[in-house]
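Chemist: sequence? don't have it. structure:
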């Protein structure tokens, strides 16, 4: 048996209205590739460059009641960012990570649009000046790239180092923000 799109939409709307959804997710196109987006009732919880299997990953962390549904506000703010019209995000965040990761990501969020910082500097700002490698691990596991701008963290010598979306995406984001001249 198959259901009509109208009935499917009604079921989805009813589940959302009744608070029966732990996580909503969607996939959107962007200038740096397709992005997996997810929110909980508390806020944005995931942006991923990897689409496959993300619905299962978010179910393990945030709850098994996962529903694909439009995330218009997240898409709108990302679109404005990619168009160069948004320099800060106003989205609530649902960050469920270890305390050290949380401290690093909160400090990361303070790196302004159009600026870069280094792993070592970020380590010093969170009170662990010798933990540049650990900062790299946190950046690698950042659950909300772009909004929590790990692309703004570069090597001490100014080099672009690893990025979950790939170095071309990191370069694109830095060029968009004017933090790096196009090559």
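Modeler: Received, thanks. On a predicted model such as this, the values are computed, not experimentally measured, just so you know. Numbering: from 1, shown residues only.

Chemist: quick one, helices of this protein?
Modeler: All helices of the chain, identified by DSSP state H, fall at 5-17, 54-62, 72-82, 99-108, 119-125, 132-140, 167-176.

Chemist: check contacts around the residue most central in space within the chain.
Modeler: Centre of the chain computed as the mean C-alpha position; nearest residue by CA atoms, centre = their mean is residue 144, 2.1 Å away. Taking CB atoms under 8 Å, 6 or more residues apart in numbering as the definition of contact, the neighbours of residue 144 are 44-47, 93, 95, 105. To be clear about C-beta, it is placed using only N, CA and C from the backbone, and glycine gets the same treatment.

Chemist: among the residues you listed, which lie within strands?
Modeler: Counting by DSSP state E, the contacts of residue 144 place 44-47 in strands.

Chemist: pipe these into TSV and attach neighbour count per row.
Modeler: Converted to TSV, the ones in strands among the contacts of residue 144 look like this (neighbours: other CB atoms under 10 Å):
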residue	neighbour count
44	23
45	23
46	22
47	23
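
Chemist: and the furthest pair within these?
Modeler: 45 and 47 (9.0 Å; CB to CB).

Chemist: report the mean confidence score over stretch 133-149.
Modeler: Looking at stretch 133-149 alone, the average pLDDT works out to 95.

Chemist: contacting residues around residue 86?
Modeler: Counted by CB under 8 Å, 6+ apart, residue 86 has contacts 77, 80.

Chemist: what does residue 88 give?
Modeler: residue 113.

Chemist: now do residue 82
Modeler: By CB under 8 Å, 6+ apart, the contact set of residue 82 is 30-31, 176.

Chemist: give me the buried subset of those residues.
Modeler: Burial by neighbour count, 16 or more other CB atoms under 10 Å: within the contacts of residue 82 this picks out 30, 176.

Chemist: among the helices of the chain, which gets the worst mean confidence?
Modeler: Lowest mean pLDDT within these: helix 5-17, a mean of 75.

Chemist: so for it, what gets flagged as buried?
Modeler: For helix 5-17, using 16+ other CB under 10 Å, the buried residues are residue 12.

Chemist: give me the distance from it to the chain's centre.
Modeler: When C-alpha coordinates are averaged (CA atoms, centre = their mean, to the nearest Å), helix 5-17 and its chain have centres 27 Å apart.

Chemist: before we move on, the earlier item: what do residue 45 and residue 47 both touch?
Modeler: 38, 143-144.

Chemist: which among those gets closest to residue 17?
Modeler: Using CB to CB, residue 38 is the member of these that lies nearest residue 17, at 19.2 Å.

Chemist: report the contact partners of the closest one.
Modeler: Residue 38 makes contact with 23-25, 44-47, 54, 58, 62, 71, according to CB under 8 Å, 6+ apart.

Chemist: nearest residue to residue 180 other than its sequence neighbours?
Modeler: Setting aside the residues directly before and after it, residue 180 is nearest to residue 174 in space (CB to CB, 6 or more residues apart in numbering), at 3.9 Å.
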